[in-house]
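> Next comes the sequence, and after it the predicted model I'd like to discuss.
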Amino acid sequence: MKKIALITGATSGIGEATARKFAEHGIDLIICGRREEKLAGLKESLEKDVAVRTLSFDVRSEEATLAAISSLEDEWRHISILVNNAGNAHGLSTIDQGDTRDWDAMMDGNVKGLLYVSRAVIPGMVGRKSGHIVNISSIAGKETYKNGAVYCASKAAVEAISQGMRLDLTEQGIKVTNIAPGAVETGFSMVRFKGDAERAEKVYAGFEPLQAADIADAIFYAVSAPAHVTIADMTILAAAQSQATVIHRQ
């Protein structure tokens, strides 16, 4: 049976790059995001290679998530790969100055959203005794940095959830991979700095950052490994980066 992958946060960055990578290799796609126009445009560009289904919903809403995934037709319910990519950073401040609305956005999207999508998809994988879940955490989930306590906490939660999923699901024939990217040049910093382009550009100044396609390559490598191999955890840094906030800039 042909593989079907469901990718959250597919309208930009790592999610979009992963969708394109999977399409190159003949994996049918369920692409998910909040922006219907972006989903439609991506669907049109990918349909020349694979079958594509779009779902527009916000992972932060349990009701919307479950309704969207349960709306899939029977032929789309056999999801063999789940890429939990949706999530963002919001703000960069000390814990005493943090905006609780930013905290809610990160915890709801990065943690609860991942759980809602997984809860909707995993039972089908368990029933078939096969599947592969890829969770996108971050170097921030492994190293807490100044002014990023809540974002780092949300990504540390992803790391813990990945480990827990592996403990729960390995006996069900389901692989779980945790991917922890370092500095990737996407719209990430524009969101974190609330549209401040000048501040966002400085994040990637003076070195060659990772690109979304680099992470998509790693994801595809993980899901295409032999049946007896699980890529459990992978940290990917830019060549100039040695820790979360230590970057050699020219």
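Great, that's in hand. Numbering: from 1, shown residues only.

> helices and strands of this structure: which one has the lowest mean pLDDT?
Within the chain, confidence by mean pLDDT, DSSP states H and E is lowest for helix 188-192 among all helices and strands, at a mean of 81.

> Please name every helix or strand in contact with that helix.
If contacts are counted by 3 or more Cβ pairs under 8 Å, 6 or more residues apart in numbering; DSSP states H and E, helix 188-192 sits against helix 197-203. C-beta here means a position set from N, CA and C on the backbone, and glycine is covered the same way.

> hmm, 10 Å instead?
When contacts are defined as 3 or more Cβ pairs under 10 Å, 6 or more residues apart in numbering; DSSP states H and E, helix 188-192 sits against helix 13-24, helix 100-106, helix 197-203.

> Give me the helices and strands touching the second one, please.
It refers to helix 100-106. Short answer (3+ Cβ pairs under 10 Å, 6+ apart): helix 100-106 packs on helix 149-169, helix 188-192.

> what does the last one rub up against?
The reference is to helix 188-192. 12-14, 87-92, 102, 105-106, 138, 148, 151, 181, 183, 196-197, 199-204, 212 (Cβ atoms under 10 Å, 6 or more residues apart in numbering).

> and the helices and strands packed on helix 100-106, which one is worst for confidence?
With a mean of 81, helix 188-192 has the lowest mean pLDDT of these.

> Quick check: can you name the pairing partners of the longest strand belonging to the chain and their directions?
As assigned by DSSP state E, the longest strand anywhere in the chain is strand 174-181. Partners of strand 174-181 in the sheet, by DSSP bridges, are strand 131-136 (parallel), strand 233-236 (parallel).

> next structured bit after the shortest one?
So the one you mean is strand 233-236. strand 241-243 (DSSP states H and E).

> From residue 246, how far out is the residue nearest to the spatial centre of the chain?
For the chain, the residue sitting closest to the mean C-alpha position, by Cα atoms, centre = their mean, is residue 85 at 1.3 Å. As judged by Cβ to Cβ, to the nearest Å, residue 85 and residue 246 stand 25 Å apart.

> now do residue 28
41 Å.

> Compare these two and say which is more crowded by neighbours.
residue 28 (21 against 11; other Cβ atoms under 10 Å).

> is it true that the more buried one touches residue 22?
Yes. The pair residue 28 / residue 22 is scored as a contact, 8.5 Å apart, by Cβ atoms under 10 Å.

> Which residues are in contact with the residue nearest to the centre of the chain?
Shown in contact with residue 85 (Cβ under 10 Å, 6+ apart): 7-10, 13-19, 32-33, 59, 114, 117, 134-136, 179, 215-216, 219.

> Take the helices and strands packed on helix 100-106 and write them to CSV, including distance to residue 1 and mean neighbour count.
Shown next, in CSV, are the helices and strands packed on helix 100-106 (distance: least, Cβ to Cβ, whole Å; neighbours: other Cβ atoms under 10 Å):
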stretch, distance to residue 1, mean neighbour count
helix 149-169, 20, 19
helix 188-192, 35, 19
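
> With distance to residue 74 added, can I get those in TSV?
Compiled in TSV, those are given as follows (distance: least, Cβ to Cβ, whole Å):
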stretch	distance to residue 74
helix 149-169	23
helix 188-192	36
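
> out of those, nearest to residue 37?
helix 188-192 (18.2 Å; Cβ to Cβ).

> Render the CA-only coordinates of that closest one in CSV, please.
Presented in CSV, the C-alpha positions along helix 188-192 are these (Å, rounded to 0.1, in the frame of the first residue of the first chain):
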residue,chain,number,x,y,z
PHE,A,188,10.5,31.5,12.9
SER,A,189,12.2,34.7,14.1
MET,A,190,9.6,37.0,12.4
VAL,A,191,6.9,35.3,14.5
ARG,A,192,9.0,35.4,17.7
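
> May I have stretch 38-52 as PDB, with CA atoms only?
The C-alpha trace of stretch 38-52 is given here as PDB (Å, rounded to 0.1, in the frame of the first residue of the first chain):
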ATOM      1  CA  LYS A  38      -1.400  28.700   1.200                       C
ATOM      2  CA  LEU A  39      -2.600  25.100   1.600                       C
ATOM      3  CA  ALA A  40      -4.400  25.300  -1.800                       C
ATOM      4  CA  GLY A  41      -1.400  26.700  -3.500                       C
ATOM      5  CA  LEU A  42       0.900  24.000  -2.100                       C
ATOM      6  CA  LYS A  43      -1.600  21.300  -3.000                       C
ATOM      7  CA  GLU A  44      -1.700  22.600  -6.600                       C
ATOM      8  CA  SER A  45       2.100  22.500  -6.800                       C
ATOM      9  CA  LEU A  46       2.400  19.000  -5.400                       C
ATOM     10  CA  GLU A  47      -0.400  17.200  -7.200                       C
ATOM     11  CA  LYS A  48       1.700  16.600 -10.300                       C
ATOM     12  CA  ASP A  49       3.600  14.000  -8.200                       C
ATOM     13  CA  VAL A  50       1.300  12.700  -5.500                       C
ATOM     14  CA  ALA A  51      -2.300  12.700  -4.300                       C
ATOM     15  CA  VAL A  52      -2.800  15.600  -1.800                       C
END
